[in-house]
Structure formats: structure tokens, C-alpha cells
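# Next come a sequence and a model predicted from it.
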Amino acid sequence: MRIAVLDIGGTSIKSGIYERNTLSEIKETPTQAYRGGEAVIKTAIDVLHRYLPFDCIGVSTAGQVDAETGIIRYANSNIPGYTGMNVKKILEQEFGVPTAVENDVNAAALGEGAFGAGAGEKDFLCLTYGTGVGGAAILDGKLWRGSCFSAGEFGAVIVHGEERNAQEDMFSGCYERYASVTALVEKASAWDSSLDSGRKIFLRLEEEFVRCLVDNWIQEIVWGLVSLIHIFNPSCAVLGGGIMEQPYILEQVRKLLYENIMPSFRNVKVLQAKLGNSAGLLGAARIAEEQYKKQ
């Protein structure tokens, strides 16, 4: 079976072909998200035409997704006009093949579960740290989508109730505001404007003030994980995002986490995601396979 796969993000649309358990012909195309949802999907269609012929399509995408209908239930302002688009219907009408659509972090979790750090784990959490904090839960070997396909919004866990003001900002006081790479960069660049990326921050990790900033940020990562691990009792937590390639982060997360969870929960492993940018594409391939078999 030849499966065309897409991973639609705010910056780029990754694409490729999945065949015989292998990804090939991987490309990246600028999303130009500012042009809006219709333009993004037109770009996705143009990308897919380059891969014809194929038997089905798997799509990993930003936003909350109704995985049954393929409708984008909610997308933030990064892709204007994306909310409400029926991506599945549009692509099936264009190409005449079964299409499966899933949220990007859910797809990444499925990819990691099948081919990466979560392989062999029946119950694990997948979190990504970047512009925000994304999350997904695999429970008893299956993706937990919740009652309306929006489960896993771990970035919305309230960790600083004293900062909460939902009328002005629904994410105020929430995990995402403190544990994302955005949060780290904002604090670092306020002190030194040249520290405008995670990479630059970690190049100066030996400086006392920078190390202090990073350690405080890692503590914020841990506070969220403590709650999630006590709620889900997973065997594994897979942490993704480019920033997690820094060995110091996982070393400190493990140390602080085990000090702050009940002894009966300390079987949990904390692992770095293995698949990088391929996770969403591989997850999209898995859901497309399932969709194809239902036809």
C-alpha cells in the first residue's frame, strides 16, 4: 500500500510517502499560515499532487481535530480561518481516496508508540515543548481522544492559580505559559536580548544566571509532569520538541521528578522522543492504514 502523508504545522508542511514500513520522498513546503486555512489546504493539495498515485492519505495537523469527520474543531490565530474546515472531505473529493486526519501531537504519539520511544509501552504520555506545550495520552495501547476529540490539552493544566485570569487569557496560570520554550526565551531575552532562542540559551549554560533561568524553567516542566503522572500513572513519559535534545534537561527532569512523586509511581520512565520531525508523518501513516482497512 502506498500512503501519502502530510504534517501541517504553522511554519511548514512536511510530506512524504509511507510504503513497506518506510518513509521516503520527504519534503518540506512553507505553510504560509498567515494566508489562512483555505490557502493552506490549497498548498497541501498541490503538495499531494506531486506524489500521485497513492492509495490513501494520512494527515497530521495543528489544531483540535474531529478524527471521525476530519473537521478542524478549533485552531488558534496562527492559521486564520482554519477552524471549521473539513480537511478529510476536501482531500477525498480532490483525490478520491480514503483520508484520515488527526491532531499533530496525537499523530506524533502514535508514531512514537509504533516506531519510537513509546514502542512496547501500553500506557504512556507524549508531551512536546516548543511554542506551546502539546500533549497526548496512549492508554491500553490506544490513543485517548476524549468525549469530543480534544483530550490531551496538557498545556492548559493550571500550575499557577495566583496568575489565573481566564477573562483576559484562557491560558493564564497554565503549564504552557511557564514550561514552553517560548516562556524560557521570553525570560532570557528580557535579561539579555541576544538570548532569543533555546539554542543560544544552552550555548551559555555555564553562565550562572543563564543556568538559574534554565533550572527554574525545568522546575516548571516538572510541576506539570508531577500532576500528569499522578493522574494517569503511565509507565513512560515521552518528551519531544527540539529543545529536548539537550541532555541537561532530561537529567534534571528525572532527578526532580522522582523527588516529587509518590514512591508507588516511580516506575515511570522519562524518555526523549526518538523520531523528531518524522513522528507526525509516521503517526499519520498509521491512522491512514486503519482508515483504508475500514473501506
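Cool, got the structure. Treat the numbers as computed from the prediction; the structure is a model and nothing was measured.

# CA only for contacts and neighbour counts going forward, please
Fine.

# quick one: residue 111 and residue 283 touch, right?
Yes: assessed by Cα atoms under 8 Å, residue 111 is found in contact with residue 283 at 4.0 Å.

# what's the nearest residue to residue 75 if we skip its chain neighbours?
Using Cα to Cα, 6 or more residues apart in numbering and skipping the chain neighbours, the partner closest in space to residue 75 is residue 63 (4.4 Å).

# Distance check, that neighbour against residue 147.
16 Å (Cα to Cα, to the nearest Å).

# Which one of the two is surrounded by more residues?
Neighbour count, other Cα atoms under 10 Å: between residue 63 and residue 147, residue 63 has more, with 23 against 7.

# returning to what we had before: what's the residue nearest to residue 75 sitting at in phi/psi?
phi 100, psi 170 (degrees, to the nearest 10).

# Is it in contact with residue 105, as I believe?
No: with contacts counted by Cα under 8 Å, residue 63 stays clear of residue 105, the gap being 9.5 Å.

# Residue 111 and residue 283: which has the busier surroundings?
Relative neighbour count places residue 283 above the other of residue 111 and residue 283, with 30 against 26, counting by other Cα under 10 Å.

# Spatially central residue in this protein, please.
residue 105 (3.1 Å; Cα atoms, centre = their mean).

# Could you look up the SS state of that one?
Following DSSP: H, G, I helix; E, B strand; the rest coil, residue 105 is assigned to helix.

# If I look at it, what pLDDT would I see?
Here the pLDDT value assigned to residue 105 is 92.

# quick one, what contacts it?
The neighbourhood of residue 105, defined by Cα atoms under 8 Å, 6 or more residues apart in numbering, consists of 126, 127, 128, 134, 135, 136, 280.

# So which residues of the stretch 101-250 of the chain form strands?
124-129, 133-139, 142-143, 236-240 (DSSP state E, counting those that start in this stretch).

# mind checking how far the residue nearest to the centre of the chain is from residue 91?
21 Å.

# same deal with residue 294?
Distance from residue 294 to residue 91, counting by Cα to Cα: 17 Å.

# do the same with residue 269
39 Å.

# who's more crowded, these two?
Neighbours per residue, other Cα under 10 Å: of residue 269 and residue 91, the larger number sits with residue 91, 22 against 14.

# In contact with that one, which residues are there?
45, 99.

# Would you check how far apart it and residue 142 are?
Using Cα to Cα, residue 91 is found at 26 Å from residue 142.

# now residue 248
From residue 248 over to residue 142 (counting by Cα to Cα), the distance is 31 Å.

# As a check, name the ranges of all helices in this structure.
37-49, 87-95, 104-115, 176-179, 181-191, 198-203, 208-232, 247-260, 279-294 (DSSP state H).

# Show me what the fourth one packs onto, helices and strands only.
Judged by 3 or more Cα pairs under 8 Å, 6 or more residues apart in numbering; DSSP states H and E, the packing partners of helix 176-179 are helix 181-191, helix 208-232.

# where does this protein dip in pLDDT?
For the chain, no stretch has pLDDT under 70.

# Show me it divided up by domain.
Domain assignment of the chain by automatic domain parsing yields the ranges 3-104+277-294, 117-273.

# of all these, which gets the most neighbours per residue?
Mean neighbours per residue, mean count of other Cα atoms under 10 Å, is largest over the domains of the chain for domain 3-104+277-294, with a mean of 20.

# Verify the stated contact: residue 124 with residue 239.
No: taking contacts as Cα under 8 Å, residue 124 lies outside contact range of residue 239: 10.6 Å.

# Would you quantify the distance from the closest residue to residue 291 other than its chain neighbours to residue 137?
Spatial nearest neighbour of residue 291, excluding adjacent residues (Cα to Cα, 6+ apart): residue 100 at 6.2 Å. As judged by Cα to Cα, residue 100 and residue 137 stand 19 Å apart.

# how long is stretch 110-126 end to end?
Note: stretch 110-126 ends 9 Å apart using Cα to Cα.

# For the remainder of this discussion, apply numbering that starts at 14.
OK, 14 is where the count begins now, so the last one is stretch 123-139.

# Now do it: distance to the chain's middle.
13 Å (Cα atoms, centre = their mean, to the nearest Å).

# do the same with stretch 213-222
26 Å.

# any residues touching that stretch, and which ones?
Contacts for stretch 213-222 (Cα under 8 Å, 6+ apart): 198, 201, 207, 208, 223, 224, 227, 259.

# For residue 232, see how far away the closest residue to the second one other than its chain neighbours is.
Distance criterion Cα to Cα, 6+ apart; nearest residue to residue 201, sequence neighbours excluded, is residue 208 at 5.8 Å. Distance of residue 208 to residue 232, computed by Cα to Cα: 20 Å.
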